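1. Below: sequence and its predicted model.
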Amino acid sequence: MSDDSRPSPTEPRTAAVIPAAGRGVRLGPGAPKALRALGGTPMLVHAVRAMAASRAVSLVVVVAPPDGASEVKSLLDAHALPERTDFLVVPGGDSRQESVRFGLDALPPDYDIVLVHDAARPLVPVDTVDAVIEAVRAGAPAVVPALPLADTVKEVGPADPGEPEPVVATPSRARLRAVQTPQGFDRATLVRAHEEVTEDVTDDASMVERLGLGVVVVPGHEEAFKVTRPLDLVLAEAVLARRRLNDGF
Ligand SMILES: Nc1ccn([C@@H]2O[C@H](COP(=O)(O)OP(=O)(O)OP(=O)(O)O)[C@@H](O)[C@H]2O)c(=O)n1
Ligand SMILES: C[C@](O)(CO)[C@H](O)COP(=O)(O)O
């Protein structure tokens, strides 16, 4: 689904919502994270291109920092993006959840499948995007790309001030997965989840889980990592430099 043609009129229409309204506190001082440069181009532009690389995606809704919607619009105008994809920019909210909801509210009616993709995962390969879309098309209400864990995980208990945290359990990692984006949804399911689930969650699929509906996993990709801390930016620059070398530009 990653060539230059448009999706056929009989295919379900797919839109991608990109929450990009976070500050990036863990990355350190500077511009909002999505606007910081990666290989000389704002991270958000990489994320938008990653979604638009899939032939199935015909609309990308960018959820901009609350006071930065016009800056983001100018940014998208200034960078080459595929002509077959439409773009919308809306202001974001105080939390990722709220930003995604604002993105969903802006979706035109004729989209059946919605991807939600962090601007902070700028390098996700198109094959991962397409695998998520295929699984939703095959009937899953919610799909997450995920990878097995490399580290052993400990659950810790509360600690007295100044004391080390006590380990209370070591879950078997065989069935644990580190979840990435884009997460893909049947649109009606995602909208219902955002209407009905009020607890704070860290990803959209957990809201669908709370509705009691099935969420399935497709293989994630190492290059879909999230740029969260300064070292992630170093890794992202290295991955991008390697791609540019391999592509010969
Ligand atoms: N109010 C918010 C908070 C986060 N996000 C987006 O959600 C994605 C994942 O969030 P994260 O990596 O945690 O980004 P930040 O919230 O910016 O990071 P931090 O917690 O370090 O401030 C990012 O693309 C971020 O822009 C958003 O759209 N609106
Ligand atoms: C959605 C997510 O990227 C899946 O791993 C993640 O949960 C976002 O978490 P964050 O704390 O908002 O970075």
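-> That came through fine. Ligands and ions are numbered 1, 2, ... in the order given.

2. which stretch of helix or strand covers residue 191?
-> helix 187-196 (DSSP states H and E).

3. in that helix, what's buried?
-> 187, 189, 190, 191, 192, 193, 194 (16 or more other C-beta atoms under 10 Å). Where you see a C-beta, it was placed from the backbone N, CA and C, and this is true even at glycine.

4. Residue for residue, what is the longest helix this structure has?
-> What stands out as the longest helix in the chain, according to DSSP state H, is helix 230-247.

5. Please name every helix or strand in contact with that helix.
-> The contact analysis (3 or more C-beta pairs under 8 Å, 6 or more residues apart in numbering; DSSP states H and E) places helix 230-247 against strand 37-38.

6. show me where pLDDT drops low in the chain?
-> 1-5, 249 (pLDDT under 70).

7. Nearest the geometric middle of it, what residue?
-> Among the residues of the chain, the one closest to the centroid is residue 117, at 2.0 Å (C-alpha atoms, centre = their mean).

8. Show me which residues of the protein sit near ligand 2.
-> 96, 118, 179, 180, 181, 202, 203, 226, 228 (C-beta under 6 Å from any ligand atom).

9. The second one is in contact with residue 16, isn't it?
-> It stands for residue 118. No - in this structure residue 118 lies outside contact range of residue 16 using C-beta atoms under 8 Å: 11.0 Å.

10. Look at these two and report which has more neighbours.
-> residue 16 (30 against 25; other C-beta atoms under 10 Å).

11. What about that one? Give its phi and psi, please.
-> Per-residue torsions, residue 16: phi -120, psi 130 (degrees, to the nearest 10).

12. And for the one 4 residues further on?
-> Dihedral angles phi and psi of residue 20 (degrees, to the nearest 10) take the values phi -140, psi 20.

13. now it: how far from ligand 2?
-> Residue 20 sits 12 Å away from ligand 2, going by C-beta to the nearest ligand atom, to the nearest Å.

14. again with residue 196
-> 19 Å.

15. How about residue 247?
-> Taking C-beta to the nearest ligand atom, one finds residue 247 at 26 Å from ligand 2.

16. Near that residue, how many other residues are there?
-> 7.

17. and if you look at residue 164?
-> 8.

18. can you give me the helices for the chain?
-> Counting by DSSP H, the helices of the chain are 43-52, 69-78, 96-105, 126-137, 187-196, 204-210, 230-247.

19. Pick the most deeply packed of the ones you listed.
-> helix 43-52 (a mean of 25; mean count of other C-beta atoms under 10 Å).

20. which other helices and strands contact that helix?
-> strand 14-19, strand 57-64, helix 69-78, helix 126-137.

21. give me that answer again for 10 Å
-> strand 14-19, strand 37-38, strand 57-64, helix 69-78, strand 86-91, helix 126-137, helix 230-247 (3 or more C-beta pairs under 10 Å, 6 or more residues apart in numbering; DSSP states H and E).

22. buried subset of the residues of the chain next to ligand 2?
-> Looks like the residues of the chain next to ligand 2 have 96, 118, 179, 180, 181, 203, 226, 228 buried, using 16+ other C-beta under 10 Å.

23. And those residues, which is closest to residue 58?
-> residue 181 (18.8 Å; C-beta to C-beta).

24. Thank you, goodbye.
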